[in-house]
Every structure is written in structure tokens, then in C-alpha cells.
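Student: Okay, structure incoming, though there's no sequence with it:
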């Protein structure tokens, strides 16, 4: 952690970023003071672009079209809204104690 407090971008910038079409599941990295943002499918790529343009700044990140930032970053699969997670097809292992 840097210890710096993250400023939230203006409502106008957030509204503009959230209204981007064709970027569902992509990550937006926003520099709060300028309102400039970087969008990519990969958080690391978007952060590199942002850090190159604004070295030493703290950024506000969000995932577009999804309720939380880290969905799928750890390799998970994105589900469409309302789609149920598939259950494992493997039989469950039941241990019996004697």
C-alpha cells in the first residue's frame, strides 16, 4: 500500500465511463484529478498505461458492466447477469466414520 488516499472521480466522469458500449467486463483505470481514463480487458495493461501517463499518482479502478472490480481477475469466468454458476459434475466425496 502506498498510504495515499484514493480520490473518487467526479460523477460526470463515472457516468461517462460506465456508459461505454462494448466494454462489458473490461477494466477502467481513472486518474481522479484529470478525469482521464484507460480501458482494457486486462487490469495490468490498463494500469501500465495510466502509470506511464501519470507517474506517481493513485488511480480509481472499476470493472465495466459488473458490480465489482476483481471479478475474473484471478482467472474466473465471467457470467452474464442472471446466469447461474454450473455445479461440478464430479460426484461428491462422502467420508463415513465408523
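Tutor: Everything's here; your move. These figures come from a predicted structure and were not determined experimentally.
Student: Check the burial of the residue lying closest to residue 31 once chain neighbours are set aside by counting its neighbours.
Tutor: Excluding the flanking residues, the one nearest residue 31 by C-beta to C-beta, 6 or more residues apart in numbering is residue 54, at 4.9 Å. Where you see a C-beta, it was placed from the backbone N, CA and C, and this is true even at glycine. Neighbourhood size, residue 54 [other C-beta atoms under 10 Å]: 16.
Student: Buried residues, stretch 53-60. List them.
Tutor: 54, 59, 60 (16 or more other C-beta atoms under 10 Å).
Student: SS state for residue 33?
Tutor: coil (DSSP: H, G, I helix; E, B strand; the rest coil).
Student: what sits against it?
Tutor: Residues in contact with residue 33, defined by C-beta atoms under 8 Å, 6 or more residues apart in numbering, are 7, 57.
Student: Then residue 31?
Tutor: 37, 50, 53, 54, 57, 59, 60 are the contacts of residue 31 under C-beta under 8 Å, 6+ apart.
Student: Ok, residue 41 next?
Tutor: With C-beta under 8 Å, 6+ apart, residue 41 has these contacts: 25, 26, 27.
Student: Relative to residue 23, how far out is it?
Tutor: Residue 41 is 9 Å from residue 23, where distance means C-beta to C-beta, to the nearest Å.
Student: before we move on, the earlier item: and the residue nearest to residue 31, how far from residue 32?
Tutor: Counting by C-beta to C-beta - residue 54 and residue 32 are separated by 10 Å.
Student: try residue 60
Tutor: Counting by C-beta to C-beta - residue 60 and residue 32 are separated by 5 Å.
Student: again, but for residue 16
Tutor: With C-beta to C-beta as the criterion, residue 16 and residue 32 are 13 Å apart.
Student: So these two - more neighbours on which side?
Tutor: Using other C-beta under 10 Å as the criterion, residue 16 and residue 32 rank with residue 32 on top: 18 against 15.
Student: Could you report the pLDDT at that one?
Tutor: Looking at residue 32, its pLDDT stands at 90.
Student: before we move on, what SS does the closest residue in space to it that isn't next to it in sequence have?
Tutor: Distances taken as C-beta to C-beta, 6+ apart put residue 7 closest to residue 32, at 4.0 Å, once the chain neighbours are dropped. Look at residue 7: counting by three-state DSSP, its state is coil.
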